[in-house]
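> with the input below, show me the fold.
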Amino acid sequence: MDKCFADGGCVDKSRHIYARRKEDVKLKELIIDDCSTVYVNGPRAVGKSSLVRSVTDDSNEVITINVDLRFYSRKEYTPENWFLMLFQAIDSSLSFVLPNFRHGEVINWFRTYSSEYSSQANYLLDFFKLFIRGEKNIKRKFVIVFDEVDVIQSNGYHTDNFLTGIVLLNKELQNLNLSQVLISISHPMFLVRELKYSDIKIGTRIIVNDFENIDEITMKDWAEGLFNINEESRLKLTKEIIEYTGGHPYISGIIGNIINSEYSGNIENNTLKKIIDQFITDQKSSSNINPHFEAPRDFILMRPSLAYEVLDFYEQVIAVDGYIDLDIEKKTANDPKLIIAVLSITGLVRRHYSGQYKCRSYIYRRIFNDKWVGNTKSHLGSRLFSGNVLASHKRSDLPKIGLINCGGTLGMTEHDGKIQAPSNEEEFYRMFPSLSHMADVRLIPFRIKDGANMFIEDYSELAKHIYLRRDDGFDAFIIMHGTDTLTYTASGVAFALGKGLNCPVVFVASQAPVSVRYGDAEINLKRAFAVATMKINEVVICFNDSVFRAVRTEKLSDYRFNGFHSPTYPAIATISEKIELSEKWSSENETNKSSAPEYMLNNEFEPNILQIVQYPGINPKNYEDIVFSCGSKVKAIIIQSLGLGNLPTMGEYNFLPFISRAVSKNIPVVITSKYPILPEFVEKYIPASRPVQSGAIHAGNMTPSAALTKLSWILKGIYKEVEIGITKVENLIRVVERKMKTNYIGELD
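Modelled structure (predicted):
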């Protein structure tokens, strides 16, 4: 029987035509000849899975396990059950490959293992290391193929741990004699909820595209599928099909199978054009449409905050016949990477190496035309959440607010009694249905996680996210955050953005999740939106009925709805029926308007700071090895005192020798307190004055979080000055003291 074209799914070379690509050789070198991580990416139905299957089927040297993640995409799985089902699938597949393999033992192994280890990020690595190579003692090389990786975005928050597991596994591939392949439309870095993009940039990416520009050998592979057409006419007809389809494997196969079923011998010149036109007409009919042509619309509608801009850019593509420069980075308020990714992943466009775009093919241009764009926008507009228009729909009559969800209690939702991140933007908007009435909201993508997991690199990146959008027409930015580290992140962002900030940056959090009806989540967010419309051009924290300067705020309670306070500076505003600005802030703001510096970004922080929190009986010797040992990275010390700068000065608990030794090694020591440290108290009390006499620097009445982030911020710049010779290392502590006592953004009196 003659081989036919595949009509969907994976190509079986025993029954179907398989057209060879140069990527076949590259993939074989990476996963068969070597041990590698490979991402096979490309639009839908271009033959990604067929490429991988062809390479692995041709090798008898390896055990290949294919896992289709579509079968594990139900939200109701607990993280443990999700991983267990994944491991069971691999375990079951091995029983078909290895005749003597006893499957089913993985269940008991995993239950014992997971009860002892809590880190889900290690599950994947330990499964291969401890179970496959250890307990089962399988020696042959493995190629593990994870197909349809995109679906994990619809799963729970735990799927980040699967992608982290891929990263960890990558480091052990040679030791485990293993290769791993991830097949997806999008690069995995766009599927991660918590990690930075750079955290998933490992391995090799193979991009699979249509057969647009192909050599004669591949053309002959295609031509073999037209088995009812005279041999001398096959090659010419194949070239004509590819001209209409743009070399799209799936659609080219459909057209080829229509020709095989309805024609034989020769085809007249106009016949192929009639076949193509009839095919296009059928796809425009709701009763005949192939599901393949519904996918781009569904993919766009799943990303409502990006949808309108993606469709706007696509309209520009189909307005010209050929490649066009979209200049996306200058014309989008969203992250250009995401717009480009969504536009490319839909499969509607073809991207030139120069960065220009054109419509994918003649057939696509006819089906996905202006009318289709209009219908899709209309459909998007009708997908209302509780009667409200999607936030991605542009509302020129409302203030344009950039909303960044960093997570925390406010930015999480409850599933099965557990607090986790919303699985997609649609779910997020359903959490807060009234947002679209208050502003033209643009969700700015950022990592979503618990406040306890927000670190220096997070608020550095967060400040950069805001700064890069300074000229994009945003009236304000709102950051949803956890309460535990709220004052640290807000202070860090405040220092990084500086005094020239030209719009409000409002941090907001809540004590209770949005699912608690009497809680503070929705009301706090609404109040933050109201504050964002006022000209408070600095970084503030909006919580309960108060608006605080970020660098003056401290956490007060983990339970009460008035969970924050500002002990050394009055609230900037009080929220009641009206938002009333304080006289002190209004007066200072009016005075400072004329002297506002240029808006600059300085978002580098020194992470190697040791903070020591005092308690009765703390012994300074416990920290000597950490600070003074060879190879220590500690560049500064903060000691948080129990009182107004007082430190123990007697016996083995005396901190003065420790301070003197640190200062002698050019390691600054800063004294902070949970209570404002006033200069008169430092001079009055001996336990407070003697650390200063030993070389320590008092942080004044700065909050502990502001003092820590400020020290980290100035220290990075000072060390750069030391490196290039502007500052001498012996003067480092003096420069630190001067800068710690300089009031940059209202952090101290």
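> Asp221 - how many residues pack around it?
Residues near Asp221, counting by other Cβ atoms under 10 Å, number 17. No exception for glycine: its C-beta is placed from N, CA and C like everyone else's.
> how close does the residue nearest to it when sequence neighbours are not counted sit to Ser689?
Spatial nearest neighbour of Asp221, excluding adjacent residues (Cβ to Cβ, 6 or more residues apart in numbering): Ala19 at 4.1 Å. As judged by Cβ to Cβ, to the nearest Å, Ala19 and Ser689 stand 82 Å apart.
> what pLDDT, on average, does stretch 169-188 get?
The average pLDDT for stretch 169-188 rounds to 90.
> buried residues of that stretch, list them for me.
For stretch 169-188, the neighbour count (16 or more other Cβ atoms under 10 Å) marks 169-170, 173, 176, 178-188 as buried.
> next one: phi and psi at Ile401?
Torsion angles at Ile401 (phi, psi; degrees, to the nearest 10) stand at phi -110, psi 130.
> in the stretch 401-550 of the chain, which spans are helices?
Assigned by DSSP state H, counting those that start in this stretch, the helices in the stretch 401-550 of the chain fall at 425-431, 435-438, 456-467, 486-497, 521-532.
> coming back round to it: of Ala19 and Ser689, which one has the most company?
Neighbour tally, Ala19 and Ser689, criterion other Cβ under 10 Å: the higher count belongs to Ala19, 24 against 16.
> ok, now which ones touch that one?
Shown in contact with Ala19 (Cβ atoms under 8 Å, 6 or more residues apart in numbering): 47, 211, 214, 218, 221-222, 249.
> can you check Pro597 too?
498-500.
> give me the distance between the residue in the chain sticking out farthest from the centre and Phe561.
Computed with Cα atoms, centre = their mean, the residue of the chain farthest from its C-alpha average is Gly265, at 54.9 Å. Gly265 is 81 Å from Phe561, where distance means Cβ to Cβ.
> got it, and Glu598?
Counting by Cβ to Cβ, the gap from Glu598 to Phe561 is 39 Å.
> same check on Ile63?
For Ile63 relative to Phe561 (Cβ to Cβ), the value is 58 Å.
> helix, strand or coil: sort out Glu39 for me.
That one is not Glu; residue 39 is Tyr. strand (DSSP: H, G, I helix; E, B strand; the rest coil).
> equivalent analysis for Ser689, please.
helix.
> tell me the pLDDT of it.
Confidence score, pLDDT, at Ser689: 81.
> same check on Asp558?
Asp558 is given a pLDDT of 88.
> before we move on, what about Leu384?
So, for Leu384, pLDDT stands at 34.
> do the same with Ser491
98.
> excluding its backbone neighbours, what's nearest it?
Leaving out its chain neighbours, the residue that sits closest to Ser491 by Cβ to Cβ, 6+ apart is Thr709, at 4.3 Å.
> and the helix or strand that contains Ala707, what's buried?
Using DSSP states H and E, Ala707 maps to helix 704-724. Of the residues in helix 704-724, those buried by neighbour count under the rule 16+ other Cβ under 10 Å are 704-719, 722.
> and what of stretch 597-614?
Applying 16+ other Cβ under 10 Å to stretch 597-614 flags 599, 601-603, 605-606, 609-610, 612, 614 as buried.
> ok now it, how far from the chain's centre?
Distance, stretch centre to chain centre, for stretch 597-614: 23 Å (Cα atoms, centre = their mean, to the nearest Å).
> ditto for stretch 508-516
The answer for stretch 508-516 is 23 Å, by Cα atoms, centre = their mean.
> for it, buried residues please.
Within stretch 508-516, the residues that qualify as buried are 508-514, counting by 16+ other Cβ under 10 Å.
> what about these, which are in strands?
Under the assignment DSSP state E, the buried residues of stretch 508-516 contribute Val508 to strands.
> re earlier: nearest to Ser546, of the contacts of Pro597?
Lys499 (22.4 Å; Cβ to Cβ).
> number of nearby residues for that closest one?
Counted with other Cβ under 10 Å, Lys499 comes out at 19.
> my guess is Tyr675 meets Thr568, correct?
No: contact criterion Cβ atoms under 8 Å: Tyr675 and Thr568 do not qualify, at 9.4 Å.
> got the contact list for the host helix or strand of Arg234?
Using DSSP H and E, the element containing Arg234 is helix 231-245. The contact list for helix 231-245 (Cβ under 8 Å, 6+ apart) reads 210-212, 214, 219-220, 222-224, 226, 229, 251-252, 255-256, 259, 266-267, 272, 276, 361-363.
> give me the contacts around whichever strand or helix holds Asn66.
Using DSSP H and E, Asn66 maps to strand 62-68. Strand 62-68 is contacted from outside by 32, 53, 56-57, 86, 89-90, 93-94, 97-98, 138, 140-148, 179, using Cβ under 8 Å, 6+ apart.
> change it to 7 Å
Residues from elsewhere that reach strand 62-68, judged by Cβ atoms under 7 Å, 6 or more residues apart in numbering: 32, 56, 86, 89-90, 93-94, 97, 140-148.
> how near is Ile523 to Leu462?
On the measure of Cβ to Cβ, Ile523 and Leu462 end up 24 Å apart.
> looking at those two, which is more packed in?
Leu462 (28 against 14).
> hang on, Leu326 in a helix?
No: counting by three-state DSSP, Leu326 falls outside a helix, being coil.
> just read off the phi/psi values of it.
According to degrees, to the nearest 10, the main-chain angles of Leu326 amount to phi -90, psi -20.
> what's around it, how many residues?
For Leu326, the neighbour count with other Cβ under 10 Å is 22.
> excluding chain neighbours, what is closest to it?
Phe313 (5.4 Å).
> any idea how far the helix or strand hosting the one you found is from the chain center?
If you go by DSSP H and E, Phe313 is part of helix 304-318. Taking Cα atoms, centre = their mean, one finds the center of helix 304-318 at 21 Å from the center of the full chain.
> low-confidence ranges, the stretch 601-749 of the chain, go.
Along the stretch 601-749 of the chain, segments meeting pLDDT under 70 span 677-688.
> got it, and the stretch 201-350 of the chain?
Applying pLDDT under 70 to the stretch 201-350 of the chain flags the ranges 201, 286-288, 304-305, 329-335.
> quick one: the helices in it?
Assigned by DSSP H, counting those that start in this stretch, the helices in the stretch 201-350 of the chain fall at 216-223, 231-245, 249-262, 271-284, 295-301, 304-318, 328-331, 336-345.
> turn these into CSV, columns for distance to Lys3.
Formatted as CSV, those follow (distance: least, Cβ to Cβ, whole Å):
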stretch, distance to Lys3
helix 216-223, 10
helix 231-245, 13
helix 249-262, 11
helix 271-284, 21
helix 295-301, 27
helix 304-318, 35
helix 328-331, 42
helix 336-345, 30
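> picking that back up, any of the contacts of strand 62-68 buried? List them.
Neighbour-count burial (16+ other Cβ under 10 Å) applied to those gives 32, 56, 86, 89-90, 93-94, 141-148.
> ok, back up a step: what angle sits between the helix holding Ala707 and helix 486-497?
On the basis of axes from the mean of the first three to the mean of the last three Cα atoms, to 10 degrees, helix 704-724 is oriented at 40 degrees to helix 486-497.
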